[in-house]
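*Asks:* Here is a sequence together with a model predicted from it:
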Amino acid sequence: MTTRVMKFGGTSVGSLERIRSSAAIIAAECARGDSVAVVVSAMAGETDRLLSLAGSLGFGLGDEETDVVLSAGEQISAALMAMALREHGLTSRSFMGWQARIRTDGPPGAARISGLDASPIRTALGEGCIPVMAGFQGASVNERLRTLGRGGTDLSAVALAAALSAHCDIYTDVDGVFTTDPRIEPKARRIGKISYDEMLELAAQGAKVLQTRSAEFAKARSVPLRVLSSFAEPGQSEGTMIMQAEDIAERRIVSGIAYARDQARIALRGISADSAALAAVFGGLAEADIGVDMIVQSPASETDRANLEFTIDRRDLDRALVCIGESDARDVLSETGLAKVSVVGLGLNRRADVARILYGALGKQKIAIRTVATSEIKISALIENDGVEHAVRALHAAYGLDGADG
Ligand code: ASP
Ligand code: MG
């Protein structure tokens, strides 16, 4: 018998009506004979509402009490889902993260799962009960509630699936992973199968369908993963399967175009060029959990000095500037209003013309490129926020995705 972890995101539990239709999908899966555990997000908009309540009292993400407020969102939807499943004559009960024995370390608001003893969930499954676990939460070693970072219910689901050696189905409001955001490019197509590496890169570069850390976890533990729509009739969503690259027969050069708005660029002019000083800059940022991308280093006019540039998320800018305050740079400049558009595909490293296509397509649209960064399976350009939609459409066409099959 296959064990399946079915995760339902905020819009899939956004109202009682949505909870009922998601419950019908779960009931249909149970009727096929699979053993099913469910993981839910808070109802759509709820986490933001709770966050602003805490914010009104001066508490933000990163505070322990904020985590207690936030985890209430998933508590409510888990219990409502268990009730909706009982309407189908099924046996079901809710589990908070701590009751499922999810252990975390790391700071409040961005905790990591350090251990998951799935035995209470396994016991429930053995008794023919459908456990509904509240996502996005666990407990620290000193028994405090912790949340796992925005979008963290994906991680809860993948981690539970790994612990149960189960398949993990992520139900959302779109029918899988698309070649790009269909709201920007209506020609975007659903991707039938995609590798863990590409999914991870798309998520990291801004695609919102799956939380980046959950994609990382799924890859590390080879959890069979699917992204499906809860808005289709039971069994009707084809979705996207995420798997090892070797298992995908048909390899595309490019799989998708991702974008992330609201990036910031920091330039450190005339910083000591020795590696220790440069490492200290990035060490400070890493300690503050600030993700750094598109690093460019070049020699400064002064001997033994360098110019260093990199991008971060706009939201992290103030904190980053505080970290950097301690460097010996002659000058620190920052700029906002930027965006990153990225082309992701396993075949990119086999093509010599990848950069030419990027410069050609964006040049034709008169979109200025500030910086380009490449990896084995990705090429990203830093542009201005205003150019995002044009850039996404231009790249979707230029890399041959407009007519691609899924
Ligand atoms: N409710 C949390 C959030 O909005 C976690 C999740 O939905 O995955 O970020
Ligand atoms: Mg999500």
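*Replies:* Sure, I can see it. Residues are numbered from 1 along each chain as shown. Ligands and ions are numbered 1, 2, ... in the order given.
*Asks:* Give the buried residues for stretch 370-383.
*Replies:* 370-371, 373, 377-383 (16 or more other C-beta atoms under 10 Å). Every C-beta, even on glycine, is put in place using the N, C-alpha and C of the backbone.
*Asks:* could you dump stretch 193-210 to CSV, C-alpha only?
*Replies:* C-alpha atoms of stretch 193-210 as CSV (Å, rounded to 0.1, in the frame of the first residue of the first chain):
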residue,chain,number,x,y,z
LYS,A,193,8.0,16.3,-15.3
ILE,A,194,10.9,18.3,-13.9
SER,A,195,14.1,17.4,-12.1
TYR,A,196,14.7,18.2,-8.4
ASP,A,197,17.6,20.5,-9.4
GLU,A,198,15.5,22.5,-11.8
MET,A,199,12.6,22.8,-9.4
LEU,A,200,15.0,23.9,-6.7
GLU,A,201,16.6,26.6,-9.0
LEU,A,202,13.2,27.8,-10.1
ALA,A,203,12.0,28.1,-6.5
ALA,A,204,15.2,29.8,-5.4
GLN,A,205,15.0,32.3,-8.3
GLY,A,206,11.5,33.3,-7.4
ALA,A,207,8.9,30.8,-8.6
LYS,A,208,6.4,30.7,-5.8
VAL,A,209,4.8,27.3,-6.3
LEU,A,210,7.1,25.5,-3.8
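*Asks:* check the buried residues of stretch 370-383 against ligand 2, which are close?
*Replies:* When contact is defined as C-beta under 5 Å from the ion, these do not meet ligand 2 at all.
*Asks:* CSV for those, including secondary structure?
*Replies:* Below are the buried residues of stretch 370-383 laid out as CSV (DSSP: H, G, I helix; E, B strand; the rest coil):
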residue, secondary structure
R370, coil
T371, strand
A373, strand
I377, coil
K378, strand
I379, strand
S380, strand
A381, strand
L382, strand
I383, strand
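*Asks:* of all those, which two lie farthest apart?
*Replies:* R370 and I377 (21.8 Å; C-beta to C-beta).
*Asks:* Tell me which residue is most central in this structure.
*Replies:* In the chain, the residue lying closest to the centroid (C-alpha atoms, centre = their mean) is Q211, at 1.9 Å.
*Asks:* Excluding covalently adjacent residues, which one is nearest to that residue?
*Replies:* In space, and not counting its chain neighbours, Q211 is closest to G151: 3.6 Å by C-beta to C-beta, 6 or more residues apart in numbering.
*Asks:* neighbours around the one you found, how many?
*Replies:* Neighbour count of G151, defined by other C-beta atoms under 10 Å: 21.
*Asks:* what's the pLDDT at it?
*Replies:* If you check G151, the pLDDT there is 95.
*Asks:* tell me the SS of it?
*Replies:* At G151, secondary structure determined by three-state DSSP is coil.
*Asks:* check contacts around it.
*Replies:* 208, 210-211, 214 (C-beta atoms under 8 Å, 6 or more residues apart in numbering).
*Asks:* circling back to that earlier point, in contact with the residue nearest to the centre of the chain, which residues?
*Replies:* Contacts of Q211 (C-beta under 8 Å, 6+ apart): 149-155, 203.
*Asks:* do the same with E127
*Replies:* By C-beta under 8 Å, 6+ apart, the contact set of E127 is T91.
*Asks:* Return the per-residue confidence for it.
*Replies:* Note on E127: pLDDT of 97.
*Asks:* rewinding a little: which one of the contacts of G151 sits in the busiest neighbourhood?
*Replies:* Neighbour count (other C-beta under 10 Å) singles out S214 as the most crowded of the contacts of G151, with 28 neighbours.
*Asks:* Isn't that one up against L160?
*Replies:* No: look at S214 against L160 with C-beta atoms under 8 Å: they stay out of range, at 11.0 Å.
*Asks:* tell me the helices in the stretch 101-250 of the chain, going along the chain?
*Replies:* Using DSSP state H, counting those that start in this stretch, the helices of the stretch 101-250 of the chain run over 119-126, 153-164, 196-204, 212-221.
*Asks:* Check which helices and strands the third one sits against.
*Replies:* What it means is helix 196-204. helix 212-221, strand 240-243, strand 256-272, strand 331-344 (3 or more C-beta pairs under 8 Å, 6 or more residues apart in numbering; DSSP states H and E).
*Asks:* what's next to the first one, contact-wise?
*Replies:* Outside of helix 212-221, the residues that reach it under the criterion C-beta under 8 Å, 6+ apart are 112-113, 148-149, 151-152, 154-155, 157-159, 162, 168, 196-197, 199-200, 203-204, 223, 225, 242.
*Asks:* These: which ones sit near ligand 1?
*Replies:* 151-152, 154 (C-beta under 6 Å from any ligand atom).
*Asks:* got JSON lines for those residues, with distance to N307 too?
*Replies:* Formatted as JSON lines, these follow (distance: C-beta to C-beta, whole Å):
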{"residue": "G151", "distance to N307": "35"}
{"residue": "G152", "distance to N307": "37"}
{"residue": "D154", "distance to N307": "38"}
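*Asks:* Which ones among those also lie next to ligand 2?
*Replies:* G151.
*Asks:* Is there proximity between the longest helix belonging to the chain and ligand 2?
*Replies:* In the chain, with assignment by DSSP state H, the single longest helix is helix 64-86. No: legend: contact between helix 64-86 and ligand 2 by C-beta under 5 Å from the ion is lacking; minimum distance shown is 12.1 Å.
*Asks:* That helix - contacts with which helices or strands?
*Replies:* Helix 64-86 packs on helix 16-31, strand 35-40, helix 46-56, strand 92-95, strand 130-134, strand 137-139, strand 145-147, going by 3+ C-beta pairs under 8 Å, 6+ apart.
*Asks:* export the ones you listed to a markdown table and tack on distance to ligand 2, mean pLDDT and mean neighbour count?
*Replies:* Shown next, in a markdown table, are the helices and strands packed on helix 64-86 (distance: least, C-beta to the ion, whole Å; pLDDT from 0 to 100; neighbours: other C-beta atoms under 10 Å):
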| stretch | distance to ligand 2 | mean pLDDT | mean neighbour count |
| --- | --- | --- | --- |
| helix 16-31 | 14 | 97 | 18 |
| strand 35-40 | 11 | 98 | 28 |
| helix 46-56 | 10 | 97 | 15 |
| strand 92-95 | 20 | 98 | 21 |
| strand 130-134 | 15 | 98 | 28 |
| strand 137-139 | 14 | 98 | 26 |
| strand 145-147 | 13 | 98 | 26 |
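*Asks:* With that, I have no additional questions.
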